[in-house]
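What follows is a predicted protein model with its sequence.
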Amino acid sequence: MTGETDLRRLLASMTPRLLTDVYVFTTLAPDSAVRDGLDPVMQFREREGLTLIVTEDEAKAAGLAGTFRCRMITLDIHSSLEAVGFLAAITKRLAAAGMGVNPVSAFYHDHLFVPAERAEEALAILRNLAVESGDLAHRLSS
């Protein structure tokens with residue numbers, strides 16, 4: 001199961017889905033294990049520490065300082081890990097709106113962490129990008 005690699009199909013077929021939880025990024029010491037009570041949606045070990053993306057409520061309950069209050073948008077299309085330009089096109093469009101985004105690629109889907117207060121706006125931008133890409137793909141195939 002390799003996923004889609006065609007950029008036009010990826011953009012035209014993506015269905016962005018906004019999740020309800022508010023997330024934050026936090027970090028633990030480099031040699032730390034994930035604490036009980038935390039169920040990170042993502043963890044990544046760097047030299048400087050263990051980065052976790054957890055719900056804001058989980059971080060508060062664990063006494064962890066969180067940064068970048070955000071919401072997660074899942075792009076519901078199975079994108080290949082080798083796809084070229086998919087996230088670049090998406091982040092370019094969000095950047096044009098002055099919006100920071102932290103993308104995470106997993107095996108099946110790409111996920112975008114966008115500022116919580118601009119999540120609905122990001123969703124609208126992504127839906128518009130999918131429609132525009134579908135229109136372009138249709139014109140090119142006609």
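Noted; the coordinates are in hand.

Name the helix or strand for the closest residue to Ala97 other than its chain neighbours, please.
Ranked by C-beta to C-beta, 6 or more residues apart in numbering and with sequence neighbours excluded, the top spatial neighbour of Ala97 is Ile125, at 5.9 Å. Glycine gets a C-beta too; all of them are placed from N, C-alpha and C. For Ile125, the element it lies in under DSSP states H and E is helix 119-141.

beta partners for the residue positioned nearest the centre of the chain?
In the chain, the centroid-proximal residue (C-alpha atoms, centre = their mean) is Leu112; its distance is 1.5 Å. Counting by DSSP bridges, Leu112 is bridged to Ile73, Pro103.

dump the residue contacts of it.
16, 72-73, 75, 90, 94, 101-104, 122, 126 (C-beta atoms under 8 Å, 6 or more residues apart in numbering).

Narrow these to just the buried residues.
16, 72-73, 75, 90, 94, 101-104, 122, 126 (16 or more other C-beta atoms under 10 Å).

Quick check: of the residues you listed, which lies closest to Leu50?
Set against Leu50, the nearest of the buried ones among the contacts of Leu112 by C-beta to C-beta is Val104 (15.1 Å).

residues touching the closest one, list them.
So Val104 contacts 42, 53, 110-113 (C-beta under 8 Å, 6+ apart).

do Leu18 as well
71-73, 119-120, 123.

export those residues to a markdown table and tack on distance to Gly63 and pLDDT?
Output for the contacts of Leu18, formatted as a markdown table (distance: C-beta to C-beta, whole Å; pLDDT from 0 to 100):
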| residue | distance to Gly63 | pLDDT |
| --- | --- | --- |
| Arg71 | 23 | 98 |
| Met72 | 23 | 98 |
| Ile73 | 28 | 97 |
| Ala119 | 26 | 98 |
| Glu120 | 30 | 97 |
| Leu123 | 32 | 96 |
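
Nearest to Arg9, out of those: which one, please.
Ile73 (19.1 Å).

hang on, that closest one packs against Leu126?
Yes: counting by C-beta atoms under 8 Å, Ile73 does reach Leu126; the two are 6.7 Å apart.
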